[in-house]
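Peer 1: This is a predicted model, with the sequence first.
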Amino acid sequence: MLLGFKTRSAYEEIIAGLRNQIHALQSGAAYQEMEAKLKSALHTINRLEKQIESTKRQCEKYISNMADKWIDAMETVRQETEKTLAQKDAELQKMAIAVQRAEEKCKAEHDEKVEALKLYKAEQAAHQDTKDKLAALQAKLSRDYTNSAKSSSASPNHPHIPNGRHPTGKKRGAQLKHDFHGRKRMEPTNTVKLTPPAEFLDTTKYKPTGHTRTKQLICLRIAVEATDYVADEYRNLETGSVVHAPFPEGLKDDVTYDSSVKAAAYLLNHHCHASIDKTISFLREVSHGAIHLSKGFVNGLGKEFSTMTKEERDQLFLSLSIAPVLHVDFTFSRCDGKTATAAVTCTENTVLYQSRESKGDKGVKDTPAEINPNTIVSDHEASLVKLGSRHQECNGHVIRYLIGSEQNETNLDWASKMEEVIQNAIHYRNSLAKDEPLDPEKVKAFEAQFMKIAEDGMKEYENEPPTDYYRDGFNLCKRLSEKPEDYLLFLHDKDVPPTNNLAERMARDYKRASAASMGYRSATAHSFFCDGLSMIKTHLLRGDNLFDYVCDCFRGNAMHYCTSDENDAHPQSLG
């Protein structure tokens, strides 16, 4: 196929060339030429090898020199590098030491700052704690009968208590068209006709008017009567015993004092709060020495009166147990060096004092309040709130607590607003006539204001929480918001008063009597005192003649007071 790409002349030239080469090889000329070329090439190779060897030696020498120089240079560089690195390491070490010292200093400063911050926070907390304690102490120091449940008798040297009346600008004393209240005249037992002076009888100068003027002189005379009951003695001829006519009941001793003497001594000691010695002295002086009682006699009257009135007190207990509205409170005195407690349960015309070991659930036990199923009026006492079917909190106490909150939490507004609403609600309730019904719209408005202010108060405490040392305001606001019906019951039932002032007044009478006696020697004596005070106060509320009533009690004839109508008039003298 290749032959097809070239011409014949070209192939002939190639063949001629090949023939010349064969001829040259056969003749040896080519070998000689090739040998000559080979020798020349070998000579050239030897020369080149020598040059290469020389060059190699030069290169090795150069390389050796260069290597030495490079090694020297590298050593120098290494030394310089090591020196530099050493310097850098030294600098780094110094820097590391400096950094470490700086870190240690920074850590120390940080720890100092942390400790200082802790100390600051601790001092701030201590300062706040001290501030709160100071506020609590100031609250305690300023706590009195105006801003807490503390009674005025427990606040010595307190200022005059205002009566709450608003000044009218009128002069003191009787006003125009005011009924005259003078001394009460008695039915005269004797009449003395005064003789006019002689000059008044001169008809030329004086003329009778036909009128008379009368001035009455009232005298008190105490008479002592002593009655001897004489009985003849008889001797029984069979037995030899001596007999006589029986003496009237009650005459056991040679000398017996009747109920009038007992009543006078008992009332002087228990009602007028005179000591036993002064009671004995007064009766001795007023009777010109005729009546000279012993201390044991006067001291035993409390037990005797308590025994005589036991059945009547049971009747009082039953009447209070079913009272539609019952006022309850606790009050305290001293007994044998300890605190004596008295439970006070009362209505408008009945009061019962009961001696108790303590207040609370134990104090409520066996009182009319425990079994009364109706409305209970009291201050905020945990054991009293759960009594009865309905409960009315004393809003008088609530107003005092609100005033305390205003004084100790000046950054809050709810207390002053709530005080105004409660005051207005009480004023509206007291302004109603006896037969005037409550206005539902006004009641609803008072309730809405009450709830709104209570909710706002809780929001205020969320923003500014109460301190650990004064939580009275927060606790009050919480109670008002949780149980508003316990504070506004008086707006739904006119028979329920807005305050517990009735029981408070009864408790003050107990306090006055206890302060006069300065305490009791035993729990029994305290119980006798409570029994007697219950009967005295009840019959004073009912308008009974106290001396006649006590005389009847010592006669054992007082039970008709239990069944008689409260408005019945009792005789002024029982003989």
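Peer 2: Looks like it arrived, so ask away.

Peer 1: Next, the contact list for the closest residue in space to Ala523 that isn't next to it in sequence, please.
Peer 2: The shortest distance from Ala523 to any non-neighbouring residue, by Cβ to Cβ, 6 or more residues apart in numbering, is to Cys335 (6.1 Å). (Each C-beta comes from the backbone N, C-alpha and C, glycine too.) Listed by Cβ atoms under 8 Å, 6 or more residues apart in numbering, the contact partners of Cys335 are 519-523, 525-526.

Peer 1: what two of the residues you listed are the furthest from one another?
Peer 2: Maximum pairwise distance in these, criterion Cβ to Cβ, is 11.8 Å, between Gly519 and Ala523.

Peer 1: Can you work out which residues contact both of these two?
Peer 2: Jointly contacting Gly519 and Ala523 under the rule Cβ under 8 Å, 6+ apart are 335-336, 340.

Peer 1: Out of the residues you listed, which one has the weakest pLDDT?
Peer 2: Among the shared contacts of Gly519 and Ala523, Asp336 carries the lowest pLDDT, at 80.

Peer 1: Tell me the spacing between that one and Thr524.
Peer 2: 10 Å (Cβ to Cβ, to the nearest Å).

Peer 1: Show me the domain layout of the chain.
Peer 2: 7-141, 295-563 (automatic domain parsing).

Peer 1: which stretch among those comes nearest Ala198?
Peer 2: Of all these, domain 295-563 sits nearest to Ala198, with 47.8 Å by Cβ to Cβ.

Peer 1: buried ones in the longest strand seen in the chain?
Peer 2: Within the chain, and with DSSP state E defining each element, the longest strand by residue count is strand 325-335. Across strand 325-335, burial judged by 16 or more other Cβ atoms under 10 Å covers 325-333, 335.

Peer 1: Now do the helix or strand immediately after it in the chain and strand 325-335, the angle between them.
Peer 2: Per DSSP states H and E, strand 325-335 leads on to strand 338-346 as the next helix or strand towards the C-terminus. Put simply, strand 338-346 runs at 160 degrees to strand 325-335, going by axes from the mean of the first three to the mean of the last three Cα atoms, to 10 degrees.

Peer 1: From the chain's centroid, how far away is strand 338-346?
Peer 2: Centroid displacement of strand 338-346 relative to its chain, using Cα atoms, centre = their mean, to the nearest Å, is 21 Å.

Peer 1: do stretch 491-501 as well
Peer 2: The chain centre lies 24 Å from the centre of stretch 491-501; the measure is Cα atoms, centre = their mean.

Peer 1: what do you get for stretch 59-68?
Peer 2: How far stretch 59-68 lies from its chain's middle: 106 Å, per Cα atoms, centre = their mean.

Peer 1: before we move on, what about stretch 433-451?
Peer 2: Offset of stretch 433-451 from its chain centre (Cα atoms, centre = their mean): 29 Å.

Peer 1: ok, now stretch 208-217?
Peer 2: So, by Cα atoms, centre = their mean, the centroid of stretch 208-217 is 67 Å from its chain's centroid.

Peer 1: change the start of the numbering to 10 and stick with it
Peer 2: Understood, numbering begins at 10; the last thing we discussed is stretch 217-226.

Peer 1: Let me see the residues that make contact with that stretch.
Peer 2: Residues outside stretch 217-226 that contact it (Cβ under 8 Å, 6+ apart): 194-195, 197.

Peer 1: would you turn those residues into TSV with distance to Ala273, pLDDT and secondary structure?
Peer 2: Formatted as TSV, these follow (distance: Cβ to Cβ, whole Å; pLDDT from 0 to 100; DSSP: H, G, I helix; E, B strand; the rest coil):
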residue	distance to Ala273	pLDDT	secondary structure
Arg194	26	86	coil
Met195	21	88	coil
Pro197	26	89	coil
